[in-house]
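Visitor: build me a model from this:
(one chain, ligands or ions: 1)
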Amino acid sequence: MKHTKTTEIPAKTIEKVSHYTCDICGAKSDDSGNWSREHYEERTTDVSCSIGANYPSGGYSTVFSYDICCDCFNNKLVPWFESQKIKPRIEENDW
Ligand SMILES: [Zn+2]
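Guide: Coordinates of the predicted model:
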């Protein structure tokens, strides 16, 4: 016969991302980092640098990142890249 007893399991509190804010203008994204407010449109950015080492037994890294909205990316960062004569690598994807 299987006997059971009631055991109280305390609720767990976790920290989840609710949104991101642009480090330049303060615009708000959704919880996934999509800066668009239009249905089905996706506007994301990734401005980061990872520095570390990868050994056979393990490794480490430190990631430096900025949360920059697409408007600030296009209106603030792109002009600076262009002033440095840097062209972007452009990839197009369909799914
Ligand atoms: Zn911004």
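
Visitor: every contact and neighbour count from this point should use C-alpha atoms.
Guide: OK.

Visitor: quick check: residues of the protein near the ion?
Guide: Where the chain comes near the ion, counting by Cα under 5 Å from the ion, the residues are 22, 24-25, 69, 72.

Visitor: so which of these sit within helices?
Guide: With helices taken from DSSP state H, the overlap with those comprises C72.

Visitor: filter the residues of the chain next to the ion down to just the buried residues.
Guide: 22, 69, 72 (16 or more other Cα atoms under 10 Å).

Visitor: could you export the residues you listed as a markdown table, including distance to D94 and pLDDT?
Guide: A markdown table is the format used below for these (distance: Cα to Cα, whole Å; pLDDT from 0 to 100):
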| residue | distance to D94 | pLDDT |
| --- | --- | --- |
| C22 | 27 | 98 |
| C69 | 22 | 98 |
| C72 | 25 | 98 |
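
Visitor: out of the residues you listed, which is nearest to S83?
Guide: C72 (15.8 Å; Cα to Cα).

Visitor: this protein: helices as residue ranges?
Guide: Under DSSP H, the chain gives helices at 70-72, 78-83.

Visitor: contact partners of the first one?
Guide: Right, the one you point to is helix 70-72. For helix 70-72, contacts defined as Cα atoms under 8 Å, 6 or more residues apart in numbering pick out 24-25, 35, 43-45.

Visitor: try 10 Å
Guide: 22-27, 34-36, 43-46, 76-78 (Cα atoms under 10 Å, 6 or more residues apart in numbering).

Visitor: which single one of these is nearest to T7?
Guide: Relative to T7, and with distances defined as Cα to Cα, the nearest of the contacts of helix 70-72 is N34, at 41.2 Å.

Visitor: how about that closest one, what does it touch?
Guide: Counting by Cα under 10 Å, 6+ apart, N34 has contacts 19-20, 28, 41-45, 69-70.
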